[in-house]
Structure formats: C-alpha cells, structure tokens
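A.B. asks: what shape does this take:
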Amino acid sequence: MRKLCLVLTYMAYIAILFFGCSDNNEPSTGNPNSSSSSSSNNSTDAGNSSSSLNETIPEVCFGEDFSEPSTPSGGSEAPNTGTCIPPPGHVSPPNGKETCIIVKGKCYKCNPERGDACLNEWLWTGQQVEQEYWWTDVTATVCSGSGGSANLICSGFSSAAYVGATVTHPTVKCGSNAITAGITWSPTELNWANPVMGCYNVTVKATTGDCSGKTASCGKLTVSPAPTLTCGTLPETAGIVGQTISSPTVKCGTTDVPFSNITWVNAPAWDNPTAIATYSDIRATVKSGDCKDKQAACSGTLAVSAAPADQLTCASVTQTVTLPATPSAPQVKCGNTILTSGITWKHSTSTTFNWNSLAAGSYSNINATATCGSGSKTASCVGSVVVLNAAPSSSSGGGNEQSYPPLQQGQSGVQKGWASRYWDACKQSCSWGGKTQNAPLTSSDRCKACQKDGSTEIAANDNNKSSCDGGNSYTCFDFTPYKVNDNLAYGFAASPTDRCGKCFQLQFDGGFKHGTANATHQAIKGKTLIVMTSNMGGDVGEGQFDVLIPGGGVGAFDAFSSQINVSKAQLGKQYGGLLSTCEEENNYEFSKYKQCLTTKCNIFTNATLKEGCLFYANWFEAANNPTMLYKEVDCPQYLINKYKATLK
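C.D. replies: Here you go, the predicted structure:
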C-alpha cells in the first residue's frame, strides 16, 4: 500500500509540474544534442522501502494545490506570486517546454529553440541554467510578485513522512538569503511535530521583508502509518553448541531487515553458539532505517544443547582477507572437545587445501574431516572465504602495473568520452560463447561468472543462463574497482567495443557530461582508471564506459536486489543508483554527495561489494558522469587474472 501511496504522491507531483507557471509562448522545434545510456544516472525510478498500510491515503489533500491557477473572489486574475518550482531532478515534466524552475533566486525556462530536447530528463537537475543554449532567464517576467524584487523559494522538502514522526521544515529563501521568521505555513491541518495520516499541499508565505506577500510551493507531503517491525517464527527449535543456527526473519513493514542491522536480545550467537541454554523470549531491535530502535518479539523456543561426544561440528568460516594475510581456520569440535590437529580441509571443488596457502579467490562449501568417536567424521562449515589480491604497486613488477603516460587531446588514438556506472548482477556478455576475445586472450577464453553467492565460480558456458533471465549465472563480486594509488585504479566496464577483454586508459579531465562541472568533477581531474571490457552493452553509446560499481544503478535489468536480498529502492535510482538518490535528497548540493554515498554504502553486508561502493565515494569523489580522454592500452596482468574464467 505504501507503494501505492508513493505512486499517488508522484502523480500529484507531476500535476504540480504540469500546471506550473507559463508564458504561453509556443517553442519551435529542435533536436537534442545529447545521448544517455540505460546505465547512466538519467533516473525516473523513485523508491523508499515499503511498509504495510491498513488505510488508504486520501486523494484529496489538505491545502491549496498551489500549482493550479487561482482566481480571487473578486473575479480578477490572481497576481503571480512566484510559482516556479525547484529543479525536480532527473524527471522531465510533461510540459517541459513551459515549466519554469528556480535556481539561486532566479527563474528559468528551457530555451524554446531546443524544442523537444527540453524533455531530456538530465536537463532538470538545474545544473545547466547558466548555459543560454539550454535555458532562458525569465526572472523579470515570471517571478515578479507583490513584494520586492527578490523571489521566495521553498526547497529541500521531503515528499513522505510517517505518522507521529516530526517533519522537518524545508529551507525557505528570499532571493539568496535564508529566512526562518516572518513566514507562515499552510495548510494549518499539518502538525509538523506530530503529523496525522493524510496528504498535504504545503506552501509558505512571507509576511515581512523583501518577499512580503509572496507565496511559494514546497511540494506535496504524504504522511503514512509508520511501518511495523515483525520477527518471524524461529526456523529451528534445537541447536548444538558450536554449530551455526538459522536466525528468524525480521521485517520492517514488508522489507527484510539485513542481519547486520539487527541487535538481538535474549538470543544465542547465531553463527557460533557457546552456551547450553533454552531461549524463549528472543527479540530483535533495529539499528537504523525506518524502524530504528523498534523491537519485535520472535515466536518460538530454541534449546541449545551440548554436542554428542561423537559429533563433529565446524563453526562459521565467513571472512575476507587481503594477501599477504591468510584466513583463519574455523573452530572444529568433537563433542565439546576443540580439535587443533588431524583435520583435513576441502572446499567446493573437492580440493584439499591448507589455510596458510590459499590463493586469491572465493571459497565456499568448506568442510572439515577428522577422527571423532569411533571413526572419521565430516562436518560442513557455514559461510565462505574471500581472499583478495594485494594492491599492485609501482615497485611490485611482475606485470601488475604498467606505465601510463598522460593523455593529451590530439594525440594518436586519444578520444573524448565519459563514464557512467552500473551493477545489475547479470551474467556478463563476455561470459557467453561466440565473442571475439582481445589478445593476449585466446578464442577459448571467457569472462569469469559466479554463482548467486557472488564468490563461487560457475562454468562460463552457454548452458548456464544469466541471472537476469532466470538463470544461475551472476557477475562476480570481485569485478569491483581496485585502487592502486590515489591517482590510478583498475576496473571493469561495459563499452561499445568490437572485442571482449580490451583495455582502455580513462584520464578524467574535470568535466561533466550533462552540464556544468562541479568540485567533485574537478577533484578527479588527472586521475587514471584502466578498465577492461567485460560487457559489450548494446545500450552504451560511442565514447561511453559504463563502469561496474556496486550501487551504481541496475539499469534496464535487475538481478542484484534479489541476489543480496534488498529492495530495489535500497539500491537507489534505477539509473545512477545511490549517488543519484543522494543528489535528490541533498537538493543537488554537491558538497554533501560524498558523505551521503558513504552512508548509503552500508546497505552492502558483503565486504567486497561495500569496498567497491566506497571506491566511488572516495577515489572517484562521488563525481557524477565525468568526462575524460581515453585510449586503448595493453591490459595489466591484474585485470587479465580477474577476468579469465577457469571453469568453462
């Protein structure tokens, strides 16, 4: 039901855009001059985690729909009071040729000479208003009012809230000056400290100063019932000391709460219970999110007992280490006796291994075999082990890092391009047969693919269908970017090349593909990213490199949300992902992008995915769709080793 509420809210917001201020001039026809990828940040997908609603939000809202033309009781047309809207973000209003937006105290309309290009979604972030090619300053004719020359602006207002949860007032400015006094809010039915369920067309009116008498629309607020926290029935009623026990499912509304976001009360250590006890009052408390600090009781009773004297058990093996560090062997017990020797270890390929000599890779289905009681016993160890390669260094040699001279416009082979981002978890196109592989790869080589755990390699053959087509073949988690140093990194990307496994040097030039660059783009100027083509995306344009970034947006396909058991909304915008969500939530104040993205990367409980997400916040400085110079180069051995499938 909350999804329905959000849809209604979105429709109402579009109505506000549709009836926005207009000068009634019919624009001439024009052609857009930009292109975008299904994996770039041109987003139309909104989302919040859903919750259960027992009641329907009324369609008729409190307060005047300020976007509608109004006529005073005297019959004359009401004066224009500054009804231009804040930039709606990556959403094109239906009447984009006529809608005006307010940016830094000025009103702008799309240049009528651009025609249908005014409907480009990326145009509506408000970041390009100083470019006369796209925008016309209409402040003098559209934003005049009954007060002084300054414009009243209301921005940064959330479109959704919960019953009883304080609603934060939006930012109000008269021109460029923020004001907190001499203003009145409508409708009066909205209790900001303790809102009741309903929808509200919120406006603000200045009563003093240069904006006296002017009114601004803040947008539509939908207040829905707070989501309920629930904890399911214990999946197991009995457990053994030292042996992993399954925890119950916890939901905030209809959305599963990640295990890492739960504090358990009166519960055993699920992965390695140590106490012999009976638990009958297990409770779950949520650490953050819509159900923060709420607690729910879990149904059922769990009895944890000592292992039989002749039973072999193995604790959880889940861990991630970076070479040269080595992973730790899990605890193995025969009954209650801890074994420290005489153990044989095997993983998913039935290969015997030693914990001190594991190569880089992912290992699952690990089991331990040892003498216990009257004979040899085998125990399964829950979880998986991820061993990461050490970062290549300039002094390491061995072909891990190569020299990449600076690129310059006009040099042979150097072209202009731009970078977008995505992670859909599909089987990559270079994992299929029939693809031409770039040297030094051979015709028998293919791009590595993984099982649903993202770590265990699966045969890269045409019998294993893509996860985006209902199959069991996914993008491997270790295809995330790797920082070599502050100015050089390696990664994988989709590009419109003719061969799989080609590598390109991307040297960022401080520009922004869709408008005026900001400080985030300047922060990566001169940095170099070497990418290897693992996906030949049909929706990727010439000169575009769609870099694999966890949380970068799922694009046209999505196997990722179900793979890691999160909602689509938790992964951010369909196009642009978490960063695009941060842009909207922070009203396009780029100074806040990095911290916002860093926080949102916590959605990933897998260490490799989280590291890849944080790479975009830190090394990439949260720069949205940056431009660069690029050139084909030889692939570093590091990327070749990551790319090549060992199972075919």
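
A.B. asks: most remote residue from the chain's center?
C.D. replies: With distances taken as Cα atoms, centre = their mean, the residue sitting farthest from the centre of the chain turns out to be residue 374, at 53.0 Å.

A.B. asks: now the nearest residue to it once chain neighbours are set aside: how far from residue 376?
C.D. replies: Nearest non-adjacent residue to residue 374, counting by Cβ to Cβ, 6 or more residues apart in numbering: residue 310, 6.5 Å away. Heads up, the C-betas are built off the backbone N, CA and C, glycines and all. From residue 310 across to residue 376, the span is 11 Å (Cβ to Cβ, to the nearest Å).

A.B. asks: now residue 499
C.D. replies: Per Cβ to Cβ, residue 499 is found 51 Å from residue 376.

A.B. asks: try residue 174
C.D. replies: Applying Cβ to Cβ to residue 174 and residue 376 gives a distance of 81 Å.

A.B. asks: which of the two has more neighbours?
C.D. replies: Set side by side, residue 174 and residue 376 give different neighbour counts by other Cβ atoms under 10 Å, the larger being at residue 174 (24 against 12).

A.B. asks: residue contacts, that one?
C.D. replies: Each residue near residue 174 by Cβ atoms under 8 Å, 6 or more residues apart in numbering is listed here: 150, 151, 152, 153, 206, 209, 210, 211.

A.B. asks: backbone dihedrals for the closest residue to it other than its chain neighbours, both of them.
C.D. replies: Closest residue in space to residue 174, ignoring its immediate chain neighbours: residue 211 at 3.9 Å, by Cβ to Cβ, 6+ apart. The phi and psi torsions at residue 211 (degrees, to the nearest 10) take the values phi -100, psi 10.

A.B. asks: what's around residue 211, how many residues?
C.D. replies: A count of neighbours around residue 211, defined by other Cβ under 10 Å, yields 31.

A.B. asks: any idea how far residue 172 is from it?
C.D. replies: In this structure, residue 211 lies at 9 Å from residue 172, with Cβ to Cβ as the measure.

A.B. asks: what touches both of the two?
C.D. replies: Residues touching both residue 211 and residue 172 comprise 152, 179, with contact defined as Cβ under 8 Å, 6+ apart.

A.B. asks: part of a helix, is residue 522?
C.D. replies: Yes - when classified by DSSP: H, G, I helix; E, B strand; the rest coil, residue 522 is found to be part of a helix.

A.B. asks: what is the neighbour count of it?
C.D. replies: Applying other Cβ under 10 Å, we find 17 other residues in the vicinity of residue 522.

A.B. asks: mind checking how far it is from residue 342?
C.D. replies: As for residue 522, its distance to residue 342 is 60 Å (criterion: Cβ to Cβ).

A.B. asks: how about the helices in the stretch 501-648 of the chain?
C.D. replies: 519-523, 560-563, 577-585, 593-600, 607-618, 637-643 (DSSP state H, counting those that start in this stretch).

A.B. asks: nearest residue to residue 421 in space, please, no chain neighbours.
C.D. replies: Spatial nearest neighbour of residue 421, chain neighbours left out: residue 552 (3.2 Å); criterion: Cβ to Cβ, 6+ apart.

A.B. asks: pLDDT weak spots in the stretch 51-200 of the chain?
C.D. replies: Low-confidence segments of the stretch 51-200 of the chain, defined by pLDDT under 70, are located at 51-60, 63-84, 89-92, 94, 104-105, 127-128, 140-149, 156.

A.B. asks: just the strands from it, written as ranges.
C.D. replies: 100-103, 106-110, 135-137, 152-155, 160-162, 171-174, 177-178, 183-186, 198-206 (DSSP state E, counting those that start in this stretch).

A.B. asks: got those as CSV, with distance to residue 570 columns?
C.D. replies: CSV is the format used below for the strands of the stretch 51-200 of the chain (distance: least, Cβ to Cβ, whole Å):
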stretch, distance to residue 570
strand 100-103, 29
strand 106-110, 33
strand 135-137, 34
strand 152-155, 25
strand 160-162, 15
strand 171-174, 26
strand 177-178, 32
strand 183-186, 32
strand 198-206, 24
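
A.B. asks: could you pull up the mean pLDDT of stretch 563-574?
C.D. replies: Summarised as a single mean, pLDDT over stretch 563-574 is 92.

A.B. asks: now that stretch: buried residues?
C.D. replies: The neighbour-count check on stretch 563-574 (16 or more other Cβ atoms under 10 Å) flags 563, 564, 566, 567, 568, 569, 570, 571, 572, 573, 574 as buried.

A.B. asks: most widely separated two among these?
C.D. replies: Between all members of these, the longest pairwise span (Cβ to Cβ) is found for 563 and 573 and amounts to 18.4 Å.

A.B. asks: tell me if I'm right that residue 634 and residue 503 touch.
C.D. replies: Yes - under the criterion of Cβ atoms under 8 Å, residue 634 lies in contact with residue 503, with a separation of 6.6 Å.

A.B. asks: and residue 343, how many neighbours does it have?
C.D. replies: Neighbours of residue 343 using other Cβ under 10 Å come to 16.

A.B. asks: any idea what the residue nearest to it when sequence neighbours are not counted is bridged to?
C.D. replies: Once its chain neighbours are removed from consideration, residue 343 has its nearest residue in residue 370; the separation is 4.7 Å (Cβ to Cβ, 6+ apart). In this entry, residue 370 is beta-bridged to residue 377, by DSSP bridges.

A.B. asks: how about low-confidence regions in the stretch 451-600 of the chain?
C.D. replies: Low-confidence segments of the stretch 451-600 of the chain, defined by pLDDT under 70, are located at 537-539.
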